[in-house]
Structures are given as structure tokens and as C-alpha cells.
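Asks: sequence below, structure please.
(2 chains)
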There are 2 protein chains.
Amino acid sequence: MGRVIAEILTIGDEILRGEIVDSNKAYLSERLLEAEIECHYQLSVRDDPPAMADALRCAAERADVVLVSGGLGPTRDDRTTAVVAETFGRELVLDEASLALIRAFFARVGRPMSENNAKQALFPSGAEVLPNPEGTAPGFQLEVPGASVFCLPGVPRELRRMMDEQVLPRLGCGGAGGAKGPSLVRARLLRTFGIGESSLDSELEGLELPPGVTLGFRTQFPDNLVRVVARAETAAVAEERCGAVVSDLRKRLGPLLYGEGEAPLAAEVVAELREQKRTLAVAESCTGGLLAERVTAVAGASAVFLGGVSAYADSAKTRLLGVPEALLATHGAVSEEVARAMAEGIRGRLGADFALATTGISGPGGGSASKPVGLVYLALASAEETHCDSFVFALDRSRHRSLTAQVGLDWVRRKLLGFELVGPSLMRRDGEEPTGTSDSHGRSHERR
Amino acid sequence: MGRVIAEILTIGDEILRGEIVDSNKAYLSERLLEAEIECHYQLSVRDDPPAMADALRCAAERADVVLVSGGLGPTRDDRTTAVVAETFGRELVLDEASLALIRAFFARVGRPMSENNAKQALFPSGAEVLPNPEGTAPGFQLEVPGASVFCLPGVPRELRRMMDEQVLPRLGCGGAGGAKGPSLVRARLLRTFGIGESSLDSELEGLELPPGVTLGFRTQFPDNLVRVVARAETAAVAEERCGAVVSDLRKRLGPLLYGEGEAPLAAEVVAELREQKRTLAVAESCTGGLLAERVTAVAGASAVFLGGVSAYADSAKTRLLGVPEALLATHGAVSEEVARAMAEGIRGRLGADFALATTGISGPGGGSASKPVGLVYLALASAEETHCDSFVFALDRSRHRSLTAQVGLDWVRRKLLGFELVGPSLMRRDGEEPTGTSDSHGRSHERR
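Replies: Residues are numbered from 1 along each chain as shown, chains lettered A, B, ... in the order given. Predicted structure coming up:
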């Protein structure tokens, strides 16, 4: 049996003008791959009928499945349906059921339906309509010589749901949960923090990979991710080989590996705090609220997160955290003494089990000879002790804040799990930049 | 003179597997457009030599400028240089100067240079080397029949600098500042908050556009952006028509328009606070630190932002903000009384001119019949008064927090500029969803 090949075609002037980063292509590709379907081309073209027609013909020739996104709306720029019909020699026919749904949508929101909305109920003859519970423009599937063409809306929320609920099941894959039934590929994504990409690669030197298993590395600042992909004749063998490699990696990476899948480090920290019934508070100077924001972005954080202070001005440090003015005057706001006092201050005030504090110089201004831009102190206070360490992260303001917050979260995780509290500065001994700032930032490479 | 047409080709298995959202295409397209060059196709292919060769041939046929990104690194997956050379019938030749620079790079970071790095000093004969000050892989320009081909690294930081400093000047456009010299297109981006996309469209009903001027609408949740693009025979005319339309829009939109260009609302708020020498503090329950984070993400925020409290637990509200326990017991944490007490509490403690407070139910859990998920109270305290209002934003947790924070920032801006304090609920009278949640979320449409 030959492999099924897909091509993705996204349509819209705004993409070609660079006004939006089109994330639909990545979503569709990833979902296809989980369903054993490889995407060989991703193409974007303008709202220009001849270019759209060429692209559709070319895609239908070289792929078995063509996913088209965008251009299904009510405006004159939305030409996908008409161009698909013309390219593959179909008439446009009105689907009464779809028209009724569009009318009902407008009645529900109490707005008059302008007539151009009726256009969204026209489909190429022979097409199967794909309902769109998230918006007004339905999608459709059309069988053409050599390929199944699926036309989906461009709005990411609508597209994702239609892909999961309508397209994947029609490709023989069970709905929202991803590929069901027998399968030849298994993939798992491991998340690491605190190790640079090339150190990660060295760390795995000599790892024996079973046949058909590959490792992919990717930086998602400040984390580094490892994807294990196993292909085999049967799903069971792929599953087993994938699992064996994941076990090996877990052993080798130890505390550097913090989780699996899509959940960020903050979600792991919240889950572990819940598990251990412990609470957290934060006192932030240079991260300015980012730590609190990351923790509270996790649904259910209220069970473990008591609160925090964004202590930007010195007065906030003294009044909200009780940092002595003398300490600030003697050591300066960016100092080990102040970091400790901040962590202990918020911990005492809120009665938290753990309290994190950050104080540093994220830049671009504010540095001096003795305290350069990039310097940061972190402190983690608990009932037994307050651990404090400093780092110099030579990064821009946004990444400095992001890396600092992540080190803090990683300390809480390590504390909860009984690991040593280390920072990414460990990675700098060989001159390598800290985690996630290596040359490969933003792209991935592979080991086979 | 005919228009110059470009095509962008990005290369990498990780793109086609959907592991990364490839933002390089949007960046390159946008920079090209500023230089008068329209991009007609964006194509991504795997690290697969036959597919790469086909795509290169096709691009060189239909475009005048071909920008290739990715596949220039040292590993065996990096095949771009070899495939370009073969496709266009060139030998690979070693560039000694590039090799010396690569050796120097490794010497500087104190690491041995593995021999595969030397591969990055090979170029197709006749190519001009483009230096890469951000990494080890240089790019190159190759003139082939009908097109100029530019090969750039895939790492966004490296690609952007090479595009601005090396590619654009070679296309006759002045370096990093964008297109210089005579030009036929002028574009400006206006940022609005507090109005839904279709209301924005209606608001502009009857606006007279000079010839060659188009408006583009785009939602960047929770903001709605309007791009004015003017094309004319001369740069001066384009400039003047663009400016005239921007003036018209400013008049019509009034306080809904908060800024121009890339700076987010928080940056405008910080700038205006600095201008007026006023200070800000925040007390956040449901936004959990997001307000403080947005404000402190702006470089220079320390001049106006005193600090904030992420008061997640009730104990944090009483201990850090002085909210009376009786108030919490009587009205509940999500109430007008508590919102007011939070704002006034942080304002008094830090002595700020303005203080914002948020308390609400971002979900997914925590709602009740009288206080549904989505309910939120905002309060803005100043020396004269404390303004408070409530909204129900029927959005997911992340967008609920984001919209709430933006309403708060918008209130500070409106207060500073003497505008009425309104919220996006104004937009809901006709049944439309609040700003940025319309059907067009994530894509744009046009008016001509």
C-alpha cells in the first residue's frame, strides 16, 4: 500500500503581504502526520483566481489529499468556492440546508443578514458540505481525479474544529482524539529545560536507536524539545520502540526532562504543587509579573497560587514586601540580600510553602560596570531555607525576562521533586550560550 | 517599467511536519512589500533534493526575485547550497574568507570546529557571499536566467538581519530603515481597541478614498488594525493620499484609535504616563499578573510603574491590599465593592496617581448562576474618584484575561487623555461579540 501524500494550500492577500503569520499550515500538517499522512508541499497564494486555479491543479496532480484554507467568506475577496468549481469543471449549486443555517445564525445574534452571506451556501456540484459550528462559512469536500479536495475556512478556531471533526474522520482517522485504529507511526514529544541544544545532542551521544526510530530536536525558547518518531510495520511495534526510546531518554536526561506533550513548565509546576498540596507565592522585580502570569494562565492555579507582588519601584519592595530600606541602600535593589528579603517577605506575608523572587537588569538600560545588563538574582524561600543564585543572561529584554521566569519555575519543580537547584548557567562552561539561545533557535534538526 | 515579483521558498522537514510555525515567510513578504516588491507565492518543501530542485526551477521561472530560507547549516539535512548549485548547473567552490570566519567563530567560543562546519564555506560558482554576523552559516546571492536567487539561513534572527542589511540593499532599497528613495507605495498601520471588526467597517461607511488607496482590516486580538495602502505614480502623491486618509480616519475613530505602527497599547500608556509625569500601580485577581507583565514588558516602564499585586487568594487581597475581610464575606471576591477596595488599596499603599484593579471569573470553572464564567469587574482609582464597571466576556480563559487587561490599559489611556471610560461591552448592543472575537479573528479582509 502506497503512502498517502497531502498538500496544503492557503489563500489570502494578507498572507502574501506578510500581515499575518499563517499558523493554519503547521496545525494541518501536524494533524495529518498524526494520521499517517505526510505533507510534501505547503503553498500560499493571493486572492487571485488564475494563481489559485494553477495551484489547485498542481496540488491535485501531485498529492492525494489537498487541504485548502481561506477564501470561503461572504466578501468579494472570497473566491475559493467559485475557483474550485471552475478549475474542476463543476457548476455552483445552492445548498438550502446551509442557507437555512446561515439565516438562523443571523437571527440568533439579532442582526439582519446581508445578501452576500447567501454566497456561503453555494457549493460545487457533487461536493459534500462540511458544517462549521464556529462560524457562518461551511466547508466542503470535493472528489476530483486523483485527489480529495477539502476546503476549510481561514479562521483558525473554525478550521481546527472542522479539521478534527470533519476532515480527519473522512480520511479514515477517528475524530478529535487523533489517529485511531492500526497505525505505522508513533510519536512522542519530550520537553527539557536547562540544557542547550548542542549539549542535549552530546548528552544523547551513543544512544542506540531501534530501526525506524528518529529523534528531532527543536528549540522553543527557553525550552528544548525532543520528538521521538517511530515507524514500523505494525502499530504495536512502533508503539513499543517509541516507548523504549522514551524510557532511555528519561533515564539519560533525569531532571532536565520536565514533561511530555504540549503542557508548559508552569502547568507541570501547578500540577505537582496540587499533588503535594503545597502553595506558592512570588515577588518579582525584573520579571514584573511574568511569573505570576505564567502560573495563573494554568486553569486551576487558584488551588496552589496565593498571590504575588510586582515590586518594580523600591517603595513597592519596602511597603508590600517589607524589604528594609537600609538593605536597598547598602546593597542596591539588584543583590542577593534583596532577592532573599523579597522571597522571605512575600512568603511570610501570604503564608506560602514556597516563595520565588527575581531582581535583575533586563535592559536595555540600567547596567553598570559592577552590575551589567543581564545580571539577575533568583531566590526560592521555603520553611527550611532560602536558596539564592545569580546569573548573567546576555539576552534581549524579552528573553531575559522569559528565561528568568523559567529558571524560577524550574527551581520550584526541582525543589518539589528533590532535585538540585541549578540554573542554565551550568551550560555556559564550554562557552555555549544558555539554553535556547544556540544557533538553532527557532528551527529544528534531526538525528537518525 | 514592469513590477518586480518575488517568490519565497522555505525548506525544512520541521515545517512540513507542522512542528514550527514558519514566521520567516511573513517577515520576508512584509519587507519586500515595503520595497515595492510583491510576493505572489510562498512555498515550503521538505529537505528533499528533487522537491527542492523542482521548487527552485519553478520559482525562478515565475518570479524575478527568489528568497530561499533554511538548509544552510552544517548537518547532512542541510542541502540547500548543493541543490541550488546542481539545479542551476554550477560547481561548488570553497570560499577561503568564509572558512576563516567560521574557524574564528569556533575559536572565539572555545570549541573545536568539527569538519562538517567547513561545508558552510562552499558556494555555487559565481555566487556572491552574504555575511552572517549572527551565526556561522553565510548566505549567498546567485544570478540565474530570469531571476536573482538569495539563499538565507532559517534562524529568524539571522535571516532578518541578512534580509535588512544584505538583500534589500541589493534590490535597490536602502538598508535597515526600509525602502529609501523614490517609491510608489506608502502604507500606514492604525491600531484601534474597543470596537468590533464589523462595527469598525460600518463606522467607516461613506469614507471617500482617493484613487489608488485601499484599506485592509485585521484582528490582532483584542485589537483591530486598519492598514492604509496608497499607490501612486510618484512617492509624494502616494504619501499625501495616505496621510489624507489617515487624518480622516483619526477624525472618525476618535478615542477608538490608540496608536500607529507596531507599538502595543501598553507602550502608548507608558509613553503617555511619562509625558504627563504620572505613575501607575495595579491589583490583579483574574488577570493574575498579566497587566503588570504587559506594562513592564515596555522598556522604560520603571519610570512610571510603581508595582502591583497579583491577589489570587482572598488572603492576598486582605494582607497585601487591605481589602476588609467583611467586604469579601458579604459581596464575594468578584464584586464591585472588592474591585474598588483593591484599586484604592494598592493606590494608597504605593502612592500612585492611578491604580487599576481586576477581579473576575476567567473560567473554565468557578461560575455560578448569579456570577457566570466571564464576569469581570474593573476599577480605576485616581485622586478624584474610583471608576468601576463590570462586563461579561464570553471567551476562553486566555482571551478573557487578555481582553480584561486591555480594557484596563485603555481606561488609563482614556483617563490621561480626557476621554470617557468605556469598555468593549458597548459593542455588544447589536448582538455582536466583543472586539476581536468576530468571525474574522485571525485573518483580515479588505475594502477597496
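
Asks: CA only for contacts and neighbour counts going forward, please
Replies: Will do.

Asks: the strands in the stretch 51-200 of chain A, which residues?
Replies: Using DSSP state E, counting those that start in this stretch, the strands found in the stretch 51-200 of chain A span residues A:65-69, A:92-94, A:122-124, A:128-130, A:139-144, A:147-152, A:185-193.

Asks: can you tell me if the longest one touches chain B.
Replies: No. Residues of strand A:185-193 contacting chain B under C-alpha under 8 Å from any C-alpha of the partner chain: none, with a closest distance of 10.4 Å.

Asks: average pLDDT for that strand?
Replies: Confidence for strand A:185-193, expressed as mean pLDDT, is 86.

Asks: now do the same for the spatially most central residue of chain A: helix, strand or coil?
Replies: Central residue of chain A (C-alpha atoms, centre = their mean): A:E262, 6.6 Å from the mean position. Assigned by DSSP: H, G, I helix; E, B strand; the rest coil, the conformation of A:E262 is coil.

Asks: contact partners for the closest residue to it other than its chain neighbours?
Replies: Once flanking residues are discounted, A:E262 sits nearest to A:L189: 8.0 Å by C-alpha to C-alpha, 6 or more residues apart in numbering or on different chains. Taking C-alpha atoms under 8 Å, 6 or more residues apart in numbering or on different chains, we find A:L189 in contact with A:225-228, A:260-262.

Asks: can we see that at 6 Å?
Replies: Neighbour list for A:L189: A:226-227, A:260-261 [criterion: C-alpha atoms under 6 Å, 6 or more residues apart in numbering or on different chains].

Asks: now the residue nearest to the centre of chain A: how far from A:A405?
Replies: Using C-alpha to C-alpha, to the nearest Å, we find A:E262 at a distance of 19 Å from A:A405.

Asks: also A:R79?
Replies: According to C-alpha to C-alpha, A:R79 stands 46 Å off from A:A405.

Asks: interface residues of the stretch 251-400 of chain A facing chain B?
Replies: Neighbours of chain B within the stretch 251-400 of chain A, by C-alpha under 6 Å from any C-alpha of the partner chain: A:288-290, A:292-293, A:296, A:306-313, A:316.

Asks: next step: those residues restricted to strands.
Replies: Among these, the residues falling in strands (DSSP state E) are A:306-310.

Asks: and which of the residues of the stretch 251-400 of chain A next to chain B is nearest B:A301?
Replies: When those are compared for distance to B:A301 (C-alpha to C-alpha), A:Y312 wins out at 9.0 Å.

Asks: check contacts around that closest one.
Replies: A:Y312 neighbours (C-alpha under 6 Å, 6+ apart): A:285, B:306-307.

Asks: by neighbours, which of these wins?
Replies: Each of the contacts of A:Y312 was scored for neighbours by other C-alpha atoms under 10 Å in any protein chain shown, and B:G307 scores highest at 33 neighbours.

Asks: for it, what are its contacts?
Replies: A:310-312, A:316, B:281.

Asks: ranges for the helices of the stretch 251-400 of chain A?
Replies: Under the criterion DSSP state H, counting those that start in this stretch, the stretch 251-400 of chain A contains helices at A:265-276, A:290-296, A:314-321, A:325-331, A:336-350, A:397-417.

Asks: that should have said the stretch 1-150 of chain A, apologies.
Replies: Assignment of helices within the stretch 1-150 of chain A using DSSP H, counting those that start in this stretch yields the ranges A:13-16, A:24-34, A:49-62, A:80-87, A:96-109.

Asks: ok, which of the ones you listed comes nearest chain B?
Replies: helix A:24-34 (3.8 Å; C-alpha to the nearest C-alpha).

Asks: could you export the ones in strands among the residues of the stretch 251-400 of chain A next to chain B as TSV, including pLDDT?
Replies: Output for these, formatted as TSV (pLDDT from 0 to 100):
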residue	pLDDT
A:L306	97
A:G307	97
A:G308	96
A:V309	97
A:S310	97
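
Asks: just for the stretch 51-200 of chain A, where's the confidence low?
Replies: Along the stretch 51-200 of chain A, the parts satisfying pLDDT under 70 run over A:109-110, A:172-184, A:197-198.

Asks: cutoff 90 now
Replies: Applying pLDDT under 90 to the stretch 51-200 of chain A flags residues A:62, A:71-78, A:101-120, A:133-137, A:145-147, A:155, A:157, A:164-165, A:168-189, A:194-200.

Asks: A:G243: how many residues sit nearby?
Replies: A total of 17 residues lie near A:G243 under the criterion other C-alpha under 10 Å.

Asks: that should have said A:A107, apologies.
Replies: Look at A:A107: counted by other C-alpha under 10 Å, it has 12 neighbours.

Asks: residue contacts, it?
Replies: By C-alpha under 6 Å, 6+ apart, the contact list for A:A107 is empty.

Asks: again with A:A266
Replies: Counting by C-alpha under 6 Å, 6+ apart, A:A266 touches A:V295.

Asks: can you give me the pLDDT of it?
Replies: For A:A266, the model assigns a pLDDT of 98.

Asks: distance of it relative to chain B?
Replies: Using C-alpha to the nearest C-alpha, to the nearest Å, A:A266 is found at 14 Å from chain B.

Asks: thinking again about what came up before, hey, which of the helices of the stretch 251-400 of chain A is tucked in deepest?
Replies: Counting by mean count of other C-alpha atoms under 10 Å in any protein chain shown, helix A:290-296 has the highest mean neighbour count of the helices of the stretch 251-400 of chain A, with a mean of 27.

Asks: which elements pack onto that helix?
Replies: Where contact means 3 or more C-alpha pairs under 6 Å, 6 or more residues apart in numbering or on different chains; DSSP states H and E, helix A:290-296 is not packed against any helix or strand.

Asks: wait, A:A355 touches A:T279, no?
Replies: No. Under the criterion of C-alpha atoms under 6 Å, A:A355 makes no contact with A:T279, lying 8.6 Å away.

Asks: so the two - more neighbours on which side?
Replies: The neighbour comparison of A:A355 against A:T279 (other C-alpha under 10 Å) goes to A:A355, with 31 against 22.

Asks: tell me which residues touch that one, please.
Replies: Listed by C-alpha under 6 Å, 6+ apart, the contact set of A:A355 reads A:280-282, A:343, A:347, A:380-381.

Asks: any chance of TSV for those, columns pLDDT?
Replies: Listed next are these as TSV, based on pLDDT from 0 to 100:
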residue	pLDDT
A:L280	98
A:A281	98
A:V282	98
A:A343	98
A:R347	98
A:L380	98
A:A381	98
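
Asks: phi and psi next, for the residue nearest to the centre of chain A.
Replies: Dihedral angles of A:E262 (phi, psi; degrees, to the nearest 10) stand at phi -100, psi -10.

Asks: state the pLDDT value of it.
Replies: 82.

Asks: how far away is it from B:E293?
Replies: Counting by C-alpha to C-alpha, the gap from A:E262 to B:E293 is 23 Å.

Asks: quick one: A:A60 and A:A147 touch, right?
Replies: Yes. Between A:A60 and A:A147 there is a contact under C-alpha under 6 Å: 5.4 Å.

Asks: these two - which one has more neighbours?
Replies: Legend: neighbour count by other C-alpha under 10 Å for A:A60 and A:A147, higher for A:A60 (21 against 18).
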